[in-house]
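> please work out how this folds:
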Amino acid sequence: MPRGLLGTALPFQYNHVEELQEIVLKNRDKIAAVVMEPIRDQNPVPGFIEGIHGIVKETGAVLIIDEVSAGFRLNTGGAHLLYGFEPDIAVFAKAMSNGYPMAAIIGKGM
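Numbers count the residues shown, from 1 in each chain. From the prediction side, this is the model:
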């Protein structure tokens with residue numbers, strides 16, 4: 001990581017929207033994007049996805065869903081479709097090319 005970017009990633013735990021809310025409260029003018037996987041080792045709890053959507057809407061942050069691990073394992077369109085995430089950008093790799101180096105970044109017009 002370039003030295004100039006140290007401290008710019010502010011992690012929160014999956015299913016703990018209150019941690020992201022706390023990060024936003026402390027860094028309101030510095031949040032450009034929320035980058036997360038649509039699923040990890042557990043399903044989203046009720047209110048988690050809605051909380052994420054509320055935070056990105058309120059802050060104007062871009063929601064980026066990382067489908068590198070989950071994409072195509074649960075369906076052909078990505079896990080975000082199953083769980084109701086509405087990302088601005090979704091990133092896919094690995095499974096889409098059967099082991100060959102390939103990736104895709106998809107997004108919606110802003």
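> for residue 20, what are its contacts?
12, 34, 51, 52, 55 (Cβ atoms under 8 Å, 6 or more residues apart in numbering). Every C-beta, even on glycine, is put in place using the N, C-alpha and C of the backbone.
> for the helix or strand harbouring it, what is the average pLDDT?
Using DSSP states H and E, residue 20 sits in helix 17-27. Mean pLDDT, helix 17-27: 96.
> how many residues are close by residue 14?
17 (other Cβ atoms under 10 Å).
> would you mind giving the secondary structure of it?
coil (DSSP: H, G, I helix; E, B strand; the rest coil).
> using the three-state scheme, assign the spatially closest residue to it that is not a sequence neighbour.
Nearest residue to residue 14, sequence neighbours excluded (Cβ to Cβ, 6 or more residues apart in numbering): residue 40, at 4.8 Å. Following three-state DSSP, the label given to residue 40 is coil.
> quick one, phi/psi of residue 40?
phi -120, psi -110 (degrees, to the nearest 10).
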